[in-house]
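[1] Sequence first, predicted model second:
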Amino acid sequence: MLMGIMLFSLSCPFIQWPVQYQIPTFVPDVPYAEEIWQGPIQEEVTSKNNEQVFYFADFLANCYLLGLLIGLILLSWKLLILLNIRLNAKRITLHSKSIWLTDHPEAPFSWGKWIFLSRENWKEEESDMILIHEEAHVKEKHSLDTLLASFLKIVCWYNPLCWHMGKYLPQLHEYLADQYTLRTGISKEEYLRLIQQKIQAHFLPAHAFFRPSIKNRIQMMIKPNTTVMMKAVYLAFLPIGALLFFSFVTPITSNPMVPTPLVEPFTQLAEEIIQVPDDHIPSIKPLKEADIKRMSSGFGMRIHPASKKKQMHWGIDFAAEMGKPVIATADGEITTTQFRSETKGYGRRVVIKHSEVYTTSYSHLSGFNCKVGQQVKKGEVIGYIGSSGQSWAPHLHYEVFKDGKRVDPAAYFGLQ
């Protein structure tokens with residue numbers, strides 16, 4: 001049962017529970033003026049942009065990875081020590097079983113199929129009882145349990161319950177091996193006298209016979225067996241645990257107070273097509289496919305190449321050659337042909353109002369092919385690729401606004 005809990009703990013993060021939810025969106029209505037950077041930065045960045053931002057989530061992630069690395073190194077080191085002990089040990093046959101004699105102070109102990117006895121006192125009469133005890137660990141594959149528990153402690157090193165479980169598991173293995181030994185007919189008094197002879201520190205991830213938990217082992221051997229009533233009480237905790245688990249499951253209900261997702265499903269877009277004429281919904285890319293080198297930056301969070309800060313990128317960047325024509329993605333009216341400073345902002349920018357719902361923006365142009373108030377058709381050339389404004393390579397920064405809020409333009413490509 002204990003190993004089942006550990007395996008469930010390891011696999012639980014990878015289980016995908018069917019939960020229906022909506023992603024809330026918060027889009028501040030502020031202009032965005034950063035674009036792709038290719039090549040060296042040729043102007044000084046202000047001290048404000050050079051500020052180092054401390055992200056607590058990144059700090060926690062780095063701490064977790066550091067703890068994970070230290071745990072893996074320590075476990076690898078202990079396993080190498082075990083391998084070294086095995087290589088330096090002498091193999092003998094005792095009672096038709098392969099035994100390894102070693103001078104290591106933790107002997108006798110077992111790991112995997114290997115049973116190690118002390119080179120000095122392996123001929124003593126007590127060695128038979130020790131050998132039976134260690135055979136129980138080998139038959140029950142307790143080393144595999146210990147290895148899984150070690151990995152669990154490494155992966156969840158921040159959880160004190162995992163450390164407590166890792167400490168409790170070897171004691172449980174010793175209880176089981178003690179019961180196995182006593183069932184062979186060995187005198188309980190002689191066996192208790194043997195395990196009290198020597199208490200030693202334990203370092204290796206193996207099953208040492210003389211462990212510091214001898215007091216607990218003695219109590220387990222002399223206490224009466226668990227009654228049927230107590231077993232029924234233990235089983236009663238299973239439905240209680242299941243009830244507590246499902247108590248925290250959120251029911252699938254529709255909540256009108258939950259905002260719509262940032263990237264809208266195409267089913268919602270299909271409903272909007274019915275309300276807005278097709279030609280007035282952005283439905284194509286702002287460049288011909290043959291003129292697009294690549295999509296150099298998408299919609300979403302990214303690290304700003306100059307300030308090194310995590311910031312939201314509110315549009316899509318298309319890299320293209322200087323002078324390539326930029327086309328309107330839907331019918332509409334030109335509302336802005338703006339030109340900002342060559343060192344900041346959108347540079348040359350065109351804004352088209354397609355309807356009361358949709359507006360599109362085209363930035364960093366090298367020139368205009370339209371004027372304010374002009375009616376344009378989908379696919380009509382409105383400007384040319386450039387690198388004006390805050391830009392260091394020819395490209396187009398394209399944005400789509402729905403009801404005054406920026407949305408992912410990629411959701412509207414290919415709607416025609």
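    Cool, got the structure. Note that the coordinates shown come from a computational prediction; the quantities given were computed from them, not determined experimentally.
[2] any low-confidence regions in the protein?
    1-55, 107, 121-125, 196-231, 233-234, 237, 241-276, 305-306, 341-344, 415-416 (pLDDT under 70).
[3] Tell me where it has helices.
    For the chain, the helices defined by DSSP state H cover 2-11, 56-88, 127-139, 142-155, 160-182, 188-195, 214-222, 228-247, 266-275.
[4] The third one versus helix 142-155: what angle between them?
    Here helix 127-139 runs at 60 degrees with respect to helix 142-155, directions being taken by axes from the mean of the first three to the mean of the last three C-alpha atoms, to 10 degrees.
[5] In terms of secondary structure, what does helix 127-139 contact?
    Other helices and strands packing on helix 127-139, by 3 or more C-beta pairs under 8 Å, 6 or more residues apart in numbering; DSSP states H and E, are strand 97-102, strand 109-111, strand 114-118, helix 160-182, helix 188-195. Every C-beta, even on glycine, is put in place using the N, C-alpha and C of the backbone.
[6] Any idea which of those gets closest to Gly383?
    Distance to Gly383, taken as C-beta to C-beta, is lowest for helix 160-182 among the helices and strands packed on helix 127-139, at 59.9 Å.
[7] His397 - how many residues pack around it?
    By other C-beta atoms under 10 Å, 29 other residues sit near His397.
[8] ugh, wrong one, I meant Lys402
    17.
[9] next one: Gly383
    If we define neighbours as other C-beta under 10 Å, then Gly383 has 24 of them.
[10] can you check Thr335 too?
    Around Thr335 there are 14 residues (other C-beta under 10 Å).
[11] That one contacts Val372, doesn't it?
    Yes: with contacts counted by C-beta atoms under 8 Å, Thr335 reaches Val372, the gap being 6.6 Å.
[12] Give me the neighbour count for Asn84.
    11.
[13] swap in Ala61?
    Ala61, neighbours per other C-beta under 10 Å, totals 11.
[14] And the one 4 residues further on, by the same measure?
    Other residues within reach of Leu65 by the criterion other C-beta under 10 Å amount to 10.
[15] ditto for Arg86
    Neighbours of Arg86 (other C-beta under 10 Å): 15.
[16] and the gap between the residue nearest to Thr102 when sequence neighbours are not counted and Glu120?
    Counting by C-beta to C-beta, 6 or more residues apart in numbering, Thr102 lies nearest to Ala89, which is 4.4 Å off, once chain neighbours are set aside. Distance of Ala89 to Glu120, given as C-beta to C-beta, to the nearest Å: 13 Å.
[17] same thing with Ser296?
    According to C-beta to C-beta, Ser296 and Glu120 sit 72 Å apart.
[18] Can you pick out the residue with more neighbours from these two?
    Ser296 (19 against 10).
[19] so how far is Lys285 from the more buried one?
    Distance, Ser296 to Lys285, by C-beta to C-beta: 14 Å.
[20] same check, this time on Pro409
    9 Å.
[21] hang on, the earlier thing: wouldn't the residue nearest to Thr102 be in contact with Ser98 here?
    No: counting by C-beta under 8 Å, Ser98 is not a contact partner of Ala89; they are 10.7 Å apart.
[22] Take the helices and strands packed on helix 127-139 and lay them out in TSV including distance to Ser127.
    Below are the helices and strands packed on helix 127-139 laid out as TSV (distance: least, C-beta to C-beta, whole Å):
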stretch	distance to Ser127
strand 97-102	9
strand 109-111	13
strand 114-118	6
helix 160-182	13
helix 188-195	10
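[23] Which one of those lies nearest to Leu396?
    helix 160-182 (51.8 Å).
[24] tell me which residues in the closest one are buried?
    Neighbour counts over helix 160-182 (16 or more other C-beta atoms under 10 Å) mark 162, 165-166, 169-170, 173-175, 177-178, 180-182 as buried.
[25] Of the residues you listed, which is the nearest to Met312?
    Using C-beta to C-beta, the buried residues of helix 160-182 come closest to Met312 at Cys162, 37.1 Å.
[26] In this model Ile154 seems to touch that closest one, though I could be wrong.
    No: using C-beta under 8 Å, Cys162 is not in contact with Ile154, being 9.1 Å away.
[27] From Met129, how far off is Phe318?
    In terms of C-beta to C-beta, Phe318 sits 78 Å off from Met129.
[28] So between these two, which is more surrounded?
    Per other C-beta under 10 Å, whichever of Phe318 and Met129 has more neighbours is Phe318, with 25 against 19.
[29] burial count for the closest residue to the more buried one other than its chain neighbours?
    Distance criterion C-beta to C-beta, 6+ apart; nearest residue to Phe318, sequence neighbours excluded, is Leu396 at 4.7 Å. Using other C-beta under 10 Å, Leu396 is surrounded by 28 other residues.
[30] And Glu106, by the same measure?
    Using other C-beta under 10 Å, Glu106 is surrounded by 19 other residues.
[31] So what pairs up with the spatially closest residue to Lys90 that is not a sequence neighbour in the strands?
    Spatial nearest neighbour of Lys90, excluding adjacent residues (C-beta to C-beta, 6+ apart): Leu101 at 4.5 Å. On the basis of DSSP bridges, Leu101 is bridged to Lys90, Leu117.
[32] wait, Leu101 sits on Leu117?
    Yes: using C-beta under 8 Å as the test, Leu101 is close enough to Leu117 to be in contact (5.8 Å).
[33] Name all residues that make contact with Pro277.
    331, 355 (C-beta atoms under 8 Å, 6 or more residues apart in numbering).
[34] Run me through the strand neighbours of the strand ranked longest in the chain, direction for each.
    The longest strand of the chain (DSSP state E) is strand 358-368. Strand 358-368 sits in its sheet next to strand 348-353 (antiparallel), strand 381-385 (antiparallel), strand 395-402 (antiparallel), going by DSSP bridges.
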